[in-house]
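> following is a predicted model, sequence given first.
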Amino acid sequence: MRFFKRLFLAIVVIYLLPAIAAAGWWALKERPQSWREAKWTSAGVLPKPDADGEAAIYILSASTGGMKGAVASHSWIVTKGAGDTAYNRYDKVGWGSPIRRNNYQPDAYWYSNTPHIVRALKGPEAQALIPRVEAAIQSYPYAATGDYRIYPGPNSNSFVAHVLRTVPELGTVLPPDAVGRDFLTDGRFFEIDPDGRDMHATLYGLIGFAAGARSGFEVHFMGLVAGVDIANPGVKIPAFGRVGI
């Protein structure tokens, strides 16, 4: 009985209190009441695509709309081949055609929330990885209409996380507030990345853990993530995201 009391207290302190605090802070923010009122134009985060001839890959993330934005974000992928003068953006959404290509500007606000760059690769490294990224996008098994499930997945973050795990050379994981990122492809319970540097164990993205060079060490509870980042020292706080040390 003592063990379960301590476990319950740990869950409250580590996961629930940060989520409640984030919700309280978010409730005080001024934000659009609907998607029609939200800003969807470019936030000016990315360089102009014709600024140079280099290939580029960007992983972007922004808080989502409504009260969900207190604890959750939306992520997407942007690519540009060498010599191209335009970006290609890929999102998975829950309406219409699930995987959208260039439905929004590459660095557009998401529900008026400014995106940030999770990972950026440029030059020959990006050029070599773009075909593999595009192949991973095409291989995503939840690409049909009706395959989207906002919680616990597969959702927009499950899609991007699939690409990151399939192409581990991209060298990153999604932020802790990317709810749905831990829902493994085909509903698997366990997976090791192709390069062997990260492992994932989960019960449909609800409860599990991840460990490795990219993930550090994470424990997941109901879509919330707590852990430590080893490669880039920091802590991962549920709802708030990663805080560097």
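Cool, got the structure.
> quick one, helices of the chain?
Under the criterion DSSP state H, helices of the chain are mapped to 2-11, 17-28, 124-139, 156-166.
> which residues of the chain score low on pLDDT?
The model of the chain has pLDDT under 70 over residues 96-97, 245.
> and the helices of the chain, which is most packed in?
Of the helices of the chain, the one with the most neighbours on average (mean count of other CB atoms under 10 Å) is helix 156-166, at a mean of 25. Where you see a C-beta, it was placed from the backbone N, CA and C, and this is true even at glycine.
> between it and helix 124-139, how many degrees?
Counting by axes from the mean of the first three to the mean of the last three CA atoms, to 10 degrees, helix 156-166 lies at 120 degrees to helix 124-139.
> list of residues touching helix 156-166?
59, 73-77, 91-93, 99, 132-133, 136-137, 139-140, 142, 148, 170, 172-174, 178-183, 185, 191, 193-194, 198, 200, 205 (CB atoms under 8 Å, 6 or more residues apart in numbering).
> now list the buried members of those.
Neighbour counting with 16 or more other CB atoms under 10 Å marks 59, 73-77, 91-93, 99, 133, 136-137, 140, 142, 148, 170, 172-174, 178-183, 185, 191, 193, 198, 200, 205 as buried within the contacts of helix 156-166.
> distance to residue 67 added to the helices of the chain, as a markdown table?
Below are the helices of the chain laid out as a markdown table (distance: least, CB to CB, whole Å):
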| stretch | distance to residue 67 |
| --- | --- |
| helix 2-11 | 21 |
| helix 17-28 | 7 |
| helix 124-139 | 30 |
| helix 156-166 | 17 |
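> what's the closest of the ones you listed to residue 224?
Of all the helices of the chain, helix 17-28 sits nearest to residue 224, with 6.2 Å by CB to CB.
> so how far is the closest one off the chain centroid?
Helix 17-28 sits 20 Å away from the centroid of its parent chain (CA atoms, centre = their mean, to the nearest Å).
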